[in-house]
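**Q** Sequence first, predicted coordinates after that:
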Amino acid sequence: MTVTTSGCSIGADALAAIKAGLEAANVDADVVVAGNFVATIRQLTGSCTYHVDRGAGVVGAKTVNAPGGPTIVFNYDIASQTPAPELERLAAHEAGHVLLYGRAEHVSDYQHLVTNEADWHLLCVASFAAEEFRIESALPAFGYQPWTADPAQHTVDALAELNYQVISSVLGEPTVEQMRDKVLAAQDVFSKVLAYSAGAHVSGGPMNVQSLAGDAAAEWNDLVGESWENRLKLWRSLPDAWHATAEGQWPGTLVAGLALERQFLERLGFHYELTDEGLLFARTGSDELFNQRLERAQRDFPE
C-alpha cells in the first residue's frame, strides 16, 4: 500500500485501519487521503463536474482509474471521523473497485455498447449498481458484517427519499434538464441501495421485502415491484468482485442491466431516448399516480 496525503494529515489509527482492510481483501493499492476530496477526484479523473453529494449522504471514499492505475481516494473529512472498524470495512470495499478496474469490468471501457447519451446514462447506472453488488456480496467472506444491520429499514428510508426526489423533480417549473438530472441522480442512488441490500441478502443478511408495510409497502410496489427479482437474477449470475467474469459476460450484463434500468425509469414515470429531434426526456406517469406519490411524500416528510 502506497499512501499519500493531500492537504491534510491522517492519524496512525486511521492508516492502520485502511491497511488492515486492504490486507484482508488481499489487494495492494495506491491510496490518497485528501483534504479537498472533490478537487482531488477532479484532478485524478480530469472531470470538472464531480461532486461529493450522493443523495444518501456524502462520499467517504472513491476509487478512480487514475493515469497511474486504480487509486483509492479517502475523504479526510469523513475518514478522520469514522471509527476504525468502519474505515477498515470501507477500505476492503474500495479494494473490490480496484480489482474491477484492473480487469476492465467497469463501464468506462464499454461506451461502444451504446450510441447515444440517454443509453449511456442508464448503462452507467446499471454498471455502478452491479459493481456494488459484486463487492458487497463478497465482504462477509473476509470477516465483515453486512453493510447495515437492517437492510430492509434502510431500503424503506431510501424508498421515501426516492419518492420525494421523483415528486420534487416535477414541482414548480423545472427545465427539462433539471427534471432529468434530478430523476437520474435519484435512480442512480436508489439502484445502488438495492445492490447493497441484495448483497446483504445473498450473504445471509436479513433483507426481507415482505416485512414492509403501510406507505413503505405501497412505495415498494409502486417504484420497485417485480424489478427486484429481475435485478437479483441478473446480479446473482455474476461472480463476486474477487473473481473474473467469463468471456463476454460483463458486456452482456451491462446490456441486460441497461434494459432493467430503462424499465425502472419507465416505472418511475419517465421516458428517455434519442429521437430525430434530439434527446427526449419526458414525464409519462399519470397525474393520478403522481398525486398518490405526493400524498406519500407529504406523510414521509411533513413540514
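**A** That came in fine, so what should we check first? Residues are numbered from 1 along each chain as shown.
**Q** just for this structure, where's the confidence low?
**A** Counting by pLDDT under 70, the chain shows low-confidence ranges at 49, 51-57, 203-207.
**Q** where along it do the helices fall?
**A** Ranges of helices in the chain, per DSSP state H, are 12-24, 37-45, 76-79, 84-102, 117-136, 151-168, 176-202, 214-223, 227-236, 249-268, 287-300.
**Q** could you dump those to a markdown table with distance to residue 62?
**A** Yep, even glycine has a C-beta here, placed from its N, CA and C like the rest. Below are these laid out as a markdown table (distance: least, C-beta to C-beta, whole Å):
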| stretch | distance to residue 62 |
| --- | --- |
| helix 12-24 | 14 |
| helix 37-45 | 6 |
| helix 76-79 | 11 |
| helix 84-102 | 8 |
| helix 117-136 | 11 |
| helix 151-168 | 20 |
| helix 176-202 | 13 |
| helix 214-223 | 27 |
| helix 227-236 | 21 |
| helix 249-268 | 20 |
| helix 287-300 | 29 |
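**Q** Quick one: these as a markdown table, columns for distance to residue 108 and mean neighbour count too.
**A** Output for the helices of the chain, formatted as a markdown table (distance: least, C-beta to C-beta, whole Å; neighbours: other C-beta atoms under 10 Å):
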| stretch | distance to residue 108 | mean neighbour count |
| --- | --- | --- |
| helix 12-24 | 22 | 18 |
| helix 37-45 | 10 | 19 |
| helix 76-79 | 24 | 20 |
| helix 84-102 | 8 | 22 |
| helix 117-136 | 9 | 23 |
| helix 151-168 | 26 | 21 |
| helix 176-202 | 15 | 21 |
| helix 214-223 | 28 | 17 |
| helix 227-236 | 20 | 16 |
| helix 249-268 | 11 | 19 |
| helix 287-300 | 34 | 15 |
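**Q** quick one, which of the ones you listed is nearest to residue 31?
**A** Closest of those to residue 31 is helix 12-24, at 6.3 Å (criterion: C-beta to C-beta).
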